[in-house]
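Colleague: fold the following.
(2 chains)
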Number of protein chains: 2
Amino acid sequence: MRLAYDGGAFHGWQVQDHCASVEAALGQALTTALRRPTRVFGSGRTDAGVHALNQVAHCDIPEGTDLERLRASLNALAAPAISVQDIVPVPGDFHARHSATGKVYRYHLQNRPYPAVLARGRCWWIRPPLNIPAMREAAAALIGTHDFSAFRASQCAAPSPVRELRRIDLSEGDWTDGTLRIELEASGFLQHMARIIVGNLVSVGLGKLSPRGLATILATGDRTRAAMTAPAKGLHLVRVFYDLEAFPRLRVWADPATR
Amino acid sequence: MRLAYDGGAFHGWQVQDHCASVEAALGQALTTALRRPTRVFGSGRTDAGVHALNQVAHCDIPEGTDLERLRASLNALAAPAISVQDIVPVPGDFHARHSATGKVYRYHLQNRPYPAVLARGRCWWIRPPLNIPAMREAAAALIGTHDFSAFRASQCAAPSPVRELRRIDLSEGDWTDGTLRIELEASGFLQHMARIIVGNLVSVGLGKLSPRGLATILATGDRTRAAMTAPAKGLHLVRVFYDLEAFPRLRVWADPATR
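Modeller: Reported below is the predicted structural model:
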């Protein structure tokens, strides 16, 4: 299933004691709708506060389940902070996390002298003007397959710190209201990786770090040298990629809504 | 001043007893910041729940007031539901409402089988597929200078029901997530006019009313024949026009952010 959620309503994807999580809310809705205990597996854990426009998750359902009715039930049960957008049948060897071949995150910034109102809770407000060409230069140096040890949370449990960062696009949009979006595409993301990269790019934009300095942090792999982690509220998971030869039913998501 | 606000936090623009209003909140912030009773005049009253990206309002301030400091004070005092974007000095004959020569409203719809999550409180969710070509045809018949009596609230107090509707654009955007925006530009709007027009266009889109039927409602001027008023939460005031020859300082807003 492809789903959207408001990260502000949850303490992240993963089930935790005494805290609302997307995994628990969705698992509960599935358990109610299917009338049997059902666990859901996401493409990855989003941090507390991180939003999703197109998260992907899978679960086992009884054969013959009416997917259209299931979607309607889940949307009734999980409203208003989760929306189940599509449910597609997949073969038993599909796994939302293990089968994923890449992901896209988008970070929303507002760079202007006055705060956000309608986008509050969905963006990071930076008051001083950012040097966007310097940020683009710094971003270019991160592209490629690297050991991203300097850009992972200290408690990150991933066995390997190597990821392929395929693309970082900074777009100011076609309007003039200080909106800046940073889109990152990678083979996968380490814990906090997207937010640490954005925090460092903002540091470059504010003149506190040079593009060359950021390249040095990447090369040394020293997390303690990297700048602050950008706030979770600006981050949006917008796309998860799968092998469409192996899972042709997922072609319906090949050009999904990513806003 | 040019300001944005989250309409969901207020019972509309106008001061009311026992209800939060933008006019009262802003007047109170101005009174505190300027240390004297200050009343603010808006370009028009937005209904309860209607949002503004670029509302315009004026007030009298002591000569020599530091406008940059005033903006910062107002943003600290009026946060988080109001953002004062710019403050520009104008001559004494400027009046936010009387000097306005036109306005643009934008209505946000989501037309898809699953509800909005991140845009909830900012759009109207319509589940059945809308016939957008029919809506465009119906919209075209409304363009021009007309008596809009059929498209005003019964309690609307405007002396004349004649307005020039200059433009209605329906845009599906460059993505495929059922997002539909209806942008309306007019010399001015009667009470509920934008929302009644949108409600009728949706009625056409659902096949409950023909484009010709909508033209007939306009011609007869009979409000009771017009379809439902669209919910306030989808409506955004995005632009107010002024004579830039008469008020050249407002040229800074000539191409303002409208998102």
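
Colleague: pairing partners for A:W125 in the sheet, please.
Modeller: Taking DSSP bridges as the rule, A:W125 bridges to A:Q110.

Colleague: just checking, it touches A:A116?
Modeller: Yes: applying CB atoms under 8 Å, one finds A:W125 in contact with A:A116, separated by 5.5 Å. From N, CA and C alone the C-beta is placed, and that goes for glycine too.

Colleague: if I look at the closest residue to A:L130 other than its chain neighbours, how far off is A:A230?
Modeller: By the measure of CB to CB, 6 or more residues apart in numbering or on different chains, the closest residue to A:L130 outside its immediate chain neighbours is A:G205, 3.4 Å from it. Distance of A:G205 to A:A230, computed by CB to CB, to the nearest Å: 12 Å.

Colleague: do A:A119 as well
Modeller: From A:A119 to A:A230 the distance is 15 Å (CB to CB).

Colleague: more neighbours: which of these two?
Modeller: Per other CB atoms under 10 Å in any protein chain shown, whichever of A:A119 and A:A230 has more neighbours is A:A230, with 24 against 20.

Colleague: about what we covered before: ramachandran angles for the residue nearest to A:L130?
Modeller: phi -60, psi -30 (degrees, to the nearest 10).

Colleague: where does the closest residue to chain B within the stretch 51-200 of chain A land on pLDDT?
Modeller: The stretch 51-200 of chain A approaches chain B most closely through A:D177 (2.8 Å), counting by CB to the nearest CB. At A:D177, the pLDDT value in this model is 74.

Colleague: next: A:R225.
Modeller: Confidence score, pLDDT, at A:R225: 75.

Colleague: that one contacts A:A150, correct?
Modeller: Yes: with contact defined as CB under 8 Å, A:R225 reaches A:A150; the gap is 6.7 Å.

Colleague: what's the overlap in contacts for these two?
Modeller: Taking CB atoms under 8 Å, 6 or more residues apart in numbering or on different chains as the criterion, A:R225 and A:A150 both touch A:I217.

Colleague: who's more crowded, the two?
Modeller: Taking other CB under 10 Å, A:R225 and A:A150 do not tie; A:A150 has more neighbours (23 against 15).

Colleague: ok so, going back, who's more crowded, A:W125 and A:A116?
Modeller: Per other CB under 10 Å, whichever of A:W125 and A:A116 has more neighbours is A:A116, with 22 against 18.

Colleague: dump the residue contacts of the more buried one.
Modeller: Contacts of A:A116 (CB under 8 Å, 6+ apart): A:110, A:122-123, A:125, B:83.

Colleague: by neighbour count, which of these wins?
Modeller: Most surrounded of those: other CB under 10 Å gives B:S83, at 26 neighbours.

Colleague: report the contact partners of that one.
Modeller: A:114-117, B:3-5, B:75.

Colleague: and if we set it to 10 Å?
Modeller: A:110, A:112, A:114-118, A:120, A:125, B:2-6, B:52-53, B:71, B:74-75 (CB atoms under 10 Å, 6 or more residues apart in numbering or on different chains).

Colleague: same question for A:A57.
Modeller: Counted by CB under 10 Å, 6+ apart, A:A57 has contacts A:1-3, A:13, A:22-23, A:26-27, A:30, A:40-44, A:84, A:96-97, A:240.

Colleague: and those, which of them are buried?
Modeller: A:1-3, A:13, A:22-23, A:26-27, A:30, A:40-44, A:84, A:96, A:240 (16 or more other CB atoms under 10 Å in any protein chain shown).

Colleague: those also near chain B: which ones?
Modeller: Filtering the buried ones among the contacts of A:A57 for proximity to chain B by CB under 10 Å from any CB of the partner chain leaves A:2-3, A:84.

Colleague: filter those down to the ones in strands?
Modeller: A:2-3, A:84 (DSSP state E).

Colleague: closest to A:F247 out of those residues?
Modeller: A:R2 (12.9 Å; CB to CB).

Colleague: could you list which residues are in contact with the closest one?
Modeller: A:52-57, A:83-88, A:239-240, A:250, A:252-253, A:256-257, B:114.

Colleague: now intersect the buried ones among the contacts of A:A57 with the strands, please.
Modeller: A:2-3, A:41-42, A:84, A:240.

Colleague: need the strands for the stretch 101-250 of chain A, in chain order.
Modeller: A:102-111, A:124-126, A:144-147, A:162-171, A:179-186, A:235-241 (DSSP state E, counting those that start in this stretch).

Colleague: which among the ones you listed is found nearest to B:I61?
Modeller: strand A:124-126 (25.7 Å).

Colleague: run the chain-centre distance for that closest one.
Modeller: When distances are taken as CA atoms, centre = their mean, to the nearest Å, strand A:124-126 is centred 18 Å away from the chain's centroid.

Colleague: what packs against it?
Modeller: strand A:102-111, helix A:193-205 (3 or more CB pairs under 10 Å, 6 or more residues apart in numbering or on different chains; DSSP states H and E).

Colleague: in CSV: these, plus mean pLDDT.
Modeller: Converted to CSV, these look like this (pLDDT from 0 to 100):
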stretch, mean pLDDT
strand A:102-111, 96
helix A:193-205, 96
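
Colleague: out of the ones you listed, nearest to B:A79?
Modeller: With CB to CB as the criterion, B:A79 lies closest to strand A:102-111 of the helices and strands packed on strand A:124-126, at 13.9 Å.

Colleague: packing partners for that closest one?
Modeller: Using 3+ CB pairs under 10 Å, 6+ apart: strand A:102-111 touches strand A:51-58, strand A:124-126, strand A:162-171, strand A:179-186, helix A:193-205, strand A:235-241.

Colleague: for A:L26, which non-adjacent residue is spatially closest?
Modeller: Nearest to A:L26 is A:V40, by CB to CB, 6+ apart, at 4.9 Å.

Colleague: what's the distance between the one you found and A:A29?
Modeller: The value you get for A:V40 to A:A29, if CB to CB is used, is 9 Å.

Colleague: what's the answer for A:F41, then?
Modeller: 15 Å.

Colleague: one more: A:S187?
Modeller: 31 Å.

Colleague: more neighbours, those two?
Modeller: A:A29 (22 against 15).

Colleague: the closest residue to the more buried one other than its chain neighbours: helix or strand, and which one exactly?
Modeller: Closest residue in space to A:A29, ignoring its immediate chain neighbours: A:L77 at 3.8 Å, by CB to CB, 6+ apart. Using DSSP states H and E, A:L77 falls within helix A:67-78.
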